[in-house]
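**Student:** the sequence and its predicted three-dimensional model are supplied below.
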Amino acid sequence: MSSNVFTERRLAAQARGRANAGKRRYHDQERAAALARLEADADAGRRAPAASRITCALDKGQHYGPQVDAALGVLADPPDVVDRWEAGTLVPTFAEVRRLAVMTGFLVEWFYRPELEPIGPVFICRR
């Protein structure tokens, strides 16, 4: 192929990238606005993260014990803050959920969706 064909393809790809950048920017702005609304609702006590989703995220990442409390910066007396989040007896702040999301790799919004339906006993084999 000639270099002219490569140039045309490169220019077409750049044009597509510029067009998609506008869409990405729009979706990023929409997500930021949705997160701001979620944060306001959580801080006002109108929304709380689902305890089952906290447990699911921690289990998936194999995060257990007091190390989780330390990693999230929620050390307290007694040292079972995250366990109480999982039990639903203590509600984490939005900032704590944000740190949990970073630690587990889940989106912040995911924790505020409805409780997960139990599926019964499950065995996961990692090989």
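**Tutor:** Yep, that arrived.
**Student:** helices or strands up against the lowest-mean-pLDDT helix or strand in the chain?
**Tutor:** Ranked by mean pLDDT, DSSP states H and E, the weakest helix or strand in the chain is helix 3-43, scoring a mean of 81. Judged by 3 or more C-beta pairs under 8 Å, 6 or more residues apart in numbering; DSSP states H and E, the packing partners of helix 3-43 are helix 94-104, helix 108-111. (Each C-beta comes from the backbone N, C-alpha and C, glycine too.)
**Student:** and the pLDDT at the most centrally placed residue in the chain?
**Tutor:** Centroid-nearest residue in the chain: residue 107, 1.8 Å away (criterion: C-alpha atoms, centre = their mean). Per-residue pLDDT puts residue 107 at 95.
**Student:** quick one: it from residue 71, how far?
**Tutor:** Distance of residue 107 to residue 71, given as C-beta to C-beta, to the nearest Å: 19 Å.
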